[in-house]
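Undergrad: predicted model follows, preceded by the sequence.
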Amino acid sequence: MKIVMLGAPGAGKGTQAKMIEKKYAIPHISTGDIFRANIKNGTELGKKAKSYMDAGQLVPDELTVDLLMDRIAKEDCANGYILDGFPRTINQAECLEEALSKKGEAIDYAIDVEVPDENIINRMGGRRACLNCGATYHVVHIPPKTEGICDKCGNELILRDDDKPETVGKRLDVYHAQTQPLIDFYTKKGVLKEVDGTKDMEDVFSTIVNILGE
Ligand code: AP5
């Protein structure tokens, strides 16, 4: 099962993708997490990606597409995967489609997690992220057991640089201009499924399970 998660920054794509990963035993692949790990490790890719991410811009396709293609060619992707944050442009979607069609494959579901912009601004300010294991929390909705500490690995939780209010506004603009057109793209492919992301995260997940099947 090959799934693409769509939705604005902070809509809950990562939260739902981790739940899907656990239930269906297919890997959750987040290009944002891959870039953040590279930044943390001080790699060349991380250095290049950081300036774009901090400005709320997309990392250029030439740094993103090959990285994703290499990742989905790995053995753990043989039974499928959940792509979170990729594709983000029509060009990325077309590259993915071309690579899959060469193997007679295609995306099975594009799940669009719908949340209005005004809810997003609230969510982002409350999000806390673990840069060590990728877990995310929310100070009100999903607090960690100990404030500021990751339940899973014990590392410190941070407010992501790009979650500061001035950058969130920019990310939303970029989303509407460059990523929202993918909703049409996947509607035309007949695989788009919309879910109401304003509901409680367990309710959102139940809707997704109804779509994917038990
Ligand atoms: P990325 O890491 O992909 O960020 P994003 O798409 O902006 O998405 P987020 O991770 O911010 O949000 P999410 O939808 O996963 O929400 P979450 O589940 O955490 O990308 C970051 C940057 O990297 C980009 O701006 C770009 O520069 C670059 N990049 C990445 N991929 C790229 C690509 N393909 N091409 C080019 N550039 C790329 O939830 C948000 C918060 O809400 C959390 O606190 C969570 O706990 C809470 N929450 C979740 N669900 C609910 C709910 N139902 N109710 C209440 N609270 C909830």
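TA: Perfect, thanks for sending it. In this text, all values refer to a predicted model and were calculated from it rather than measured experimentally. Residues are numbered from 1 along each chain as shown.
Undergrad: please count neighbours and contacts with C-alpha atoms only from this point.
TA: Noted.
Undergrad: for the residue most central in space within the chain, which non-adjacent residue is spatially closest?
TA: The C-alpha lying nearest the average C-alpha coordinate of the chain belongs to residue 84 (CA atoms, centre = their mean; 3.0 Å). Counting by CA to CA, 6 or more residues apart in numbering, residue 30 is the residue found nearest to residue 84 once chain neighbours are left out, at 4.6 Å.
Undergrad: mind listing what the one you found touches?
TA: In this structure, residue 30 makes contact with 14, 83-86, judged by CA atoms under 8 Å, 6 or more residues apart in numbering.
Undergrad: the residue nearest to the centre of the chain touches residue 11, doesn't it?
TA: No. The pair residue 84 / residue 11 is not scored as a contact, 11.3 Å apart, by CA atoms under 8 Å.
Undergrad: how about the strands in this protein?
TA: With DSSP state E as the criterion, the chain has strands at 2-6, 28-30, 81-84, 109-114, 127-130, 136-138, 157-158, 192-196.
Undergrad: any idea which of those is most buried?
TA: The highest average neighbour count among these, using mean count of other CA atoms under 10 Å, belongs to strand 81-84 at a mean of 24.
Undergrad: tell me the residues of the chain that contact the ligand?
TA: Within the chain, the residues that sit near the ligand (CA under 6 Å from any ligand atom) are 9-15, 31-33, 52-53, 56-60, 64, 85-88, 123-124, 126-127, 136-138, 141-142, 171, 197-201.
Undergrad: list the buried residues for the worst-scoring helix or strand of the chain on mean pLDDT?
TA: Ranked by mean pLDDT, DSSP states H and E, the helix or strand of the chain with the weakest confidence is helix 117-126, at a mean of 89. By neighbour count on 16 or more other CA atoms under 10 Å, the buried set for helix 117-126 is 117, 120-121, 123-126.
Undergrad: same check, this time on stretch 153-163
TA: So stretch 153-163, judged by 16+ other CA under 10 Å, has buried residues 157-158, 160, 162-163.
Undergrad: residue 167 touches residue 53, doesn't it?
TA: No. Between residue 167 and residue 53 there is no contact under CA under 8 Å: 9.1 Å.
Undergrad: show me what contacts the residue lying closest to residue 175 once chain neighbours are set aside?
TA: In space, and not counting its chain neighbours, residue 175 is closest to residue 8: 6.1 Å by CA to CA, 6+ apart. Counting by CA under 8 Å, 6+ apart, residue 8 touches 113-115, 117, 120, 172, 175-176.
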